[in-house]
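Enquirer: Below: sequence and its predicted model.
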Amino acid sequence: MSNLEINLGGLKMKNPVTTASGTFGFGPEYAPYIDLNQLGAIVVKGTTLEPRKGNATPRIAETPSGILNCIGLQNPGVDYFIEKSLPYLKEYDTPVIVNISGNSVEDYAEITRRLSQADGVGALEVNISCPNVKQGGMVFGTSCTAAADVIRVVREYTTLPLIAKLSPNVTNIVEIAQAVVEAGADALALINTLLGMTIDIHKRKPVLGNIMGGLSGPAIRPVAVRMVWQVAQAVDKPILGMGGIMNADDAIEFILAGATAVAVGTANFVNPRATMDVLEGIKQYMEKYGVNDINDLVGAAWK
Amino acid sequence: MSNLEINLGGLKMKNPVTTASGTFGFGPEYAPYIDLNQLGAIVVKGTTLEPRKGNATPRIAETPSGILNCIGLQNPGVDYFIEKSLPYLKEYDTPVIVNISGNSVEDYAEITRRLSQADGVGALEVNISCPNVKQGGMVFGTSCTAAADVIRVVREYTTLPLIAKLSPNVTNIVEIAQAVVEAGADALALINTLLGMTIDIHKRKPVLGNIMGGLSGPAIRPVAVRMVWQVAQAVDKPILGMGGIMNADDAIEFILAGATAVAVGTANFVNPRATMDVLEGIKQYMEKYGVNDINDLVGAAWK
Amino acid sequence: MSFSGLSKVISNEKTGPQQFLIVLHSPELTKQAKPGQFVHVRVNGLSDPLLRRPISLHEIDYASGNVSLLYQVVGKGTELLSGVPAGAEVDVMGPLGNGFWIPEGVKRVLVVGGGIGNAPLLPLVKELKDRGVEQTVLLGGRTVDYVAGLEGFKSVGVTVETATDDGSLGRKGFVTQLAEDIFTLDKPDYFFACGPEPMLKQLIITADKYGISGQVSLEERMGCAVGACLACVCKIKVKTDEAGWDYKKVCVDGPVFEASEVVFDV
Amino acid sequence: MSFSGLSKVISNEKTGPQQFLIVLHSPELTKQAKPGQFVHVRVNGLSDPLLRRPISLHEIDYASGNVSLLYQVVGKGTELLSGVPAGAEVDVMGPLGNGFWIPEGVKRVLVVGGGIGNAPLLPLVKELKDRGVEQTVLLGGRTVDYVAGLEGFKSVGVTVETATDDGSLGRKGFVTQLAEDIFTLDKPDYFFACGPEPMLKQLIITADKYGISGQVSLEERMGCAVGACLACVCKIKVKTDEAGWDYKKVCVDGPVFEASEVVFDV
Ligand SMILES: Cc1cc2nc3c(=O)[nH]c(=O)nc-3n(C[C@H](O)[C@H](O)[C@H](O)COP(=O)(O)OP(=O)(O)OC[C@H]3O[C@@H](n4cnc5c(N)ncnc54)[C@H](O)[C@@H]3O)c2cc1C
Ligand SMILES: Cc1cc2nc3c(=O)[nH]c(=O)nc-3n(C[C@H](O)[C@H](O)[C@H](O)COP(=O)(O)OP(=O)(O)OC[C@H]3O[C@@H](n4cnc5c(N)ncnc54)[C@H](O)[C@@H]3O)c2cc1C
Ligand SMILES: Cc1cc2nc3c(=O)[nH]c(=O)nc-3n(C[C@H](O)[C@H](O)[C@H](O)COP(=O)(O)O)c2cc1C
Ligand SMILES: Cc1cc2nc3c(=O)[nH]c(=O)nc-3n(C[C@H](O)[C@H](O)[C@H](O)COP(=O)(O)O)c2cc1C
Ligand code: FES
Ligand code: FES
């Protein structure tokens, strides 16, 4: 039996397969389709200090091999999450990674403080890359100083493994990655969605309620793989790779590019068992090629 | 009969439909499939001062709703182009836009000088965004100062309409657009390809000969439309929009976002008559909605 | 455990201009399904189109394990679905959503459908019949061709009245006008409706005037259809909220909502 | 004017493990086609997969206007193509590429194919026969199942010899060994070949040893297939170039090249 266990910046995971924030709810949504115990970790929907209603509809539009979304971080707020969602998740033998967002550095500080005191949080994924909110969000993730500022503050307030989730909408992803690592990130998650939009040619106005949205799905995979490849070679921290992973082959592509773990996002919508299929396929690949330890595959395309 | 004529930074075109550089060769390649006289303009393959062999193979890889290419500007050099390709193109009643690239600002200056003296060049499209060459290329297009430097020099050497072709691999496309307009660009072409890559999981190495390549095709359309939308509202120069246009509906989307003209790229490979189908479909759309002048549609989604 | 997997296509036939009825053999669905629920259908195994398509259950044959979906071809997804031959398999997820519920004590109801919105009402009408609830069914459509599923409703043996925009079938005009007539003449206890938003909105206003409550089934663009992505939300009145409404998910909180709770934008 | 458009599928049948023969009615193709040319096939109307697939002409029936393509299912595109039913239409572009040419004065030739590389050789063999050129055809494959199109070649009425890696048909070993035997025993004037790169490379080395020139048909990943994108290049010896070679396009300068001019990278 080969080893699937990995360590994501201090978070021990029994296998490298997790869920991309915002595509898997808070856990129970997909429990009728898969056994949540089988996941390496669960990354929950982006959580903010205060409850948020999110953006106007339509919030989703299909594009070639992709989707645009402008959910806008609708969530019931961190206190509700701690009270109602965490207890459910704690029943499972799977670490919980909480994805957090804020309008200001102070917001990030406070939400980190609260989550660090709560029981059952395995790690924090700091979203400095959401393209769908007016204040903060992606703005933090597209400048090295702003990104580092957020991570530095979060680091101050927690000893939990700290994963910085980066925006792909930048000229130089490596610079940003280096800045957040220097500021104290234990691991990096990439990529968040590409900023995009689509227009209804009959109505002559944007399809999405919020005009622009984040592009996810297989369409963006080549960009995501490229960024993981670049960052993995430049930065000595584990990477949680994502962006268009639909099946095990795609996941293995990310691992070979340098990702220690992978997150399945949009694919859940298409195949509610996608995470399990990815896990099964990784095992088969390892068996086929006689790979004893998944860690031996990390970055194998350039190492 | 409604008006299809547009003016792209001084270049008069009988209709807004042209070809994306590098996807249409130097003209004769698609002549067996369409009447080149029907095109608004022909944008030829990227040309450099000296002949270039380009990158190692494989040079193309299919990705979901997209392709990655790393041609690497293979071309016979500007002198050959002027001597052999231009005479053929001059036989047609269609303006020729020459896409130019260089390793240095001096290269751009010299190639501009030679093309400005040649007979039959309608406009120059300055490629400061090629992701597939080591020196120059995208590097120019991802910094405002470098981009402006190139455009300023080209401007010095020519009175031809000057179209700056921008890279989408930047944090802030509007900034770059503003910088090149200030430096003297008459129009903007966007977008070039997104930098991406793909890995062969069985060989455990990148598929493309040059490791990374440029992502084109419908996968990138939402990103392209978004950038056209952003730039059109910030800059008072006409835009040549492209990125994943497969049919007339897609082209109209770009026009509504703010493009004055559109270029058909990867779609030519899928449908050699794509340019003509786009043109026909635009006419039908105008007829259906009683639009008398194509210029009335430019930016109509936000104007 | 919800079902997600391949179901065999028994038949897939054109039933009107751009309208098809697909019959799937899927005992996993019929085991759990109830009126007003839907399935999330993958129309091919490719990434174009990427998302599944939500389609209501039009018939639920508990005995044979077959379900049918009545659908209008409006775009790429439904177009591709219409080309799937009998004998092939289609990937479906479901049953999803809450479905209609029949409130205690309801004796005489009005069932109102518009266009393809008629589809999810057939199993409801059958269940109402089985439970001995008296009902009048009003079906509308642009023209006679768009009064979806008419024959199926008639065969249940209930009163069916129709209205079309052009008068090509039944009353000329909107089905909501037919409904108003009934509210005046022969007031029901309750109503159930599915159809285009303007129809539902008008119907709710009218029913309200007559003090009749009911349920409506809504549509929104969906991602996951299981409540995870928050794409499919609609505004629902919530007393505890300061704005007076909150976003609820059509996929799991709906698609059927209490008519009085729905907030229509504009 | 080259053809690009829909052609009717006459039949599309399995001819081996993962191997299919599709017959298209396309007088526009047969009007112009010659041996060694290929078509660029769109396997569906969606953007997944996006690109067309290059497939050689395996049979060209000038009389009926039919062409056939013999293809191996290796990935998504060929998989989808194998599912297209008779009666449907397929979007094809062509005929493309230069095709084989039969040099003046050639009297006795060796035709060598490996695996699915046999496909484009059948129309050549027929033309050689028609022109009265004497020929020996050597066909190889991994196993008996992979000696593509064998029956078709036999039915032309020429000498066909075979080799398989596992000896399940003909000589056990490589078809290049068969070729070498013939070069020794019964030296031909010229050769034509198509197959995997290692086979072609070995064959060219061997033929060179015996002073025999010939033509080979190459494969490269393609974008446009009309010479516009420069994706499909291969290295070809060019005297005027300082490096001694330049990139030529497989789609328009090939796919058939003078054997002695091809530069194989390792
Ligand atoms: C709960 C529910 C039940 C439905 N039941 C039926 C039914 O029984 N019969 C029927 O014909 N239709 C039904 N619809 C509508 C059906 O989902 C759409 O017509 C279908 O998704 C259109 O897909 P398309 O690819 O053909 O169109 P496109 O317009 O190309 O689709 C583009 C995208 O928009 C979404 N979309 C488009 N129209 C709608 C819509 N009206 N509602 C939700 N998403 C939409 C698609 O799912 C897709 O993601 C239902 C919708 C919902 C939400
Ligand atoms: C001139 C020419 C003639 C050919 N004739 C035949 C033939 O008669 N019969 C036959 O079975 N095959 C032939 N091939 C190979 C055939 O094109 C590929 O097997 C096919 O494109 C694979 O597509 P896929 O989607 O199934 O595989 P995938 O591997 O999924 O394809 C991915 C991409 O790689 C390209 N690709 C993969 N393999 C090849 C290859 N060997 N050559 C070129 N591109 C490739 C595909 O076109 C596609 O763009 C020919 C190739 C060329 C260049
Ligand atoms: C509907 C939706 C909601 C998302 N919400 C969040 C979020 O709350 N926080 C976050 O960091 N990323 C969010 N993302 C981004 C995903 O986590 C992921 O980075 C992205 O979708 C790329 O992966 P994919 O292509 O596999 O979906 C969301 C994506 C989608 C599609
Ligand atoms: C094979 C190929 C070669 C290209 N070569 C060039 C080039 O020489 N110069 C240039 O400016 N852009 C080049 N491009 C980019 C296109 O002109 C265009 O910007 C891009 O492909 C997006 O449009 P599309 O999605 O319609 O293809 C090339 C694109 C492809 C696919
Ligand atoms: S469709 Fe995802 S929450 Fe309803
Ligand atoms: S495939 Fe485009 S040049 Fe050959």
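Expert: Thanks, I have it. Numbering: from 1, shown residues only, chains lettered A, B, ... in the order given. Ligands and ions are numbered 1, 2, ... in the order given.
Enquirer: for the stretch 1-150 of chain C, what are the low-confidence residue spans?
Expert: C:1 (pLDDT under 70).
Enquirer: Need the three-state assignment for the closest residue to chain B within it.
Expert: Chain B sits closest to C:S47 of the stretch 1-150 of chain C, with a gap of 4.6 Å, by CB to the nearest CB. Backbone N, C-alpha and C define where each C-beta goes, glycine included. At C:S47 the chain is in coil, as set by DSSP: H, G, I helix; E, B strand; the rest coil.
Enquirer: who's in contact with it?
Expert: Applying CB atoms under 8 Å, 6 or more residues apart in numbering or on different chains to C:S47 gives the contacts A:S65, A:G217, A:P218, A:A219, A:M246, B:P64, B:S65, D:D48.
Enquirer: Secondary structure element holding A:T145?
Expert: In the assignment (DSSP states H and E), A:T145 maps to helix A:144-157.
Enquirer: Pull the distance from that helix to the chain's centre.
Expert: 18 Å (CA atoms, centre = their mean, to the nearest Å).
Enquirer: Determine the set of other helices and strands touching it.
Expert: helix A:105-117, strand A:123-127, helix A:138-141, strand A:162-165, helix A:173-182 (3 or more CB pairs under 8 Å, 6 or more residues apart in numbering or on different chains; DSSP states H and E).
Enquirer: when you scan the first one, is anything in it near ligand 3?
Expert: To tie it back to what came earlier, the one meant is helix A:105-117. No - using CB under 6 Å from any ligand atom, helix A:105-117 stays clear of ligand 3, with a minimum separation of 13.1 Å.
Enquirer: And for stretch A:204-220?
Expert: Yes - applying CB under 6 Å from any ligand atom, one finds stretch A:204-220 touching ligand 3 at A:S216, A:G217, A:I220.
Enquirer: ok, now how distant is the first one from A:L160?
Expert: Right, A:S216. Distance, A:S216 to A:L160, by CB to CB, to the nearest Å: 26 Å.
Enquirer: between the residues of stretch A:204-220 next to ligand 3, which has the most around it?
Expert: The most crowded member of the residues of stretch A:204-220 next to ligand 3, judged by other CB atoms under 10 Å in any protein chain shown, is A:I220 (34 neighbours).
Enquirer: Who are the contact partners of residue 171?
Expert: I went with chain A, as the question did not name one. When contacts are counted by CB under 8 Å, 6+ apart, A:T171 touches B:T142, B:S143, B:N169, B:V170, B:T171.
Enquirer: nope, chain C please
Expert: Taking CB under 8 Å, 6+ apart as the test, what C:R171 contacts is C:E161, C:T162, C:A163, C:T164, C:Q177, C:L178.
Enquirer: Return the list of helices and strands in contact with the longest helix along chain C.
Expert: When chain C is parsed with DSSP state H, its longest helix is helix C:197-209. If you count contacts as 3+ CB pairs under 8 Å, 6+ apart, helix C:197-209 packs onto strand C:108-114, helix C:175-185, strand C:190-194, strand C:213-217.
Enquirer: Going by neighbour count, which residues of it are buried?
Expert: C:E197, C:M199, C:L200, C:K201, C:Q202, C:L203, C:I204, C:T206, C:A207 (16 or more other CB atoms under 10 Å in any protein chain shown).
Enquirer: Neighbours of the closest residue to the fifth one other than its chain neighbours, how many?
Expert: The shortest distance from C:Q202 to any non-neighbouring residue, by CB to CB, 6 or more residues apart in numbering or on different chains, is to C:T176 (4.5 Å). Applying the criterion other CB under 10 Å, we find 25 residues in the vicinity of C:T176.
Enquirer: what does A:D296 give?
Expert: Residues within reach of A:D296, counting by other CB under 10 Å, total 14.
Enquirer: what does C:K248 give?
Expert: As a burial measure, C:K248 scores 20 neighbours (other CB under 10 Å).
Enquirer: Show me the beta-bridge partners of it.
Expert: C:C234 (DSSP bridges).
Enquirer: what about it, distance to ligand 3?
Expert: Taking CB to the nearest ligand atom, to the nearest Å as the measure, C:K248 falls 17 Å from ligand 3.
Enquirer: Quick one: residues contacting that residue.
Expert: C:V233, C:C234, C:K235, C:I236, C:G254, C:F257.
Enquirer: Export those as TSV, with columns for pLDDT, neighbour count and distance to ligand 6.
Expert: What follows is the contacts of C:K248, written out as TSV (pLDDT from 0 to 100; neighbours: other CB atoms under 10 Å in any protein chain shown; distance: CB to the nearest ligand atom, whole Å):
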residue	pLDDT	neighbour count	distance to ligand 6
C:V233	97	25	46
C:C234	96	23	49
C:K235	96	19	52
C:I236	96	20	55
C:G254	94	25	50
C:F257	98	20	55
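Enquirer: Please list which of the residues you listed are also close to ligand 1.
Expert: Applying CB under 6 Å from any ligand atom to those, none is adjacent to ligand 1.
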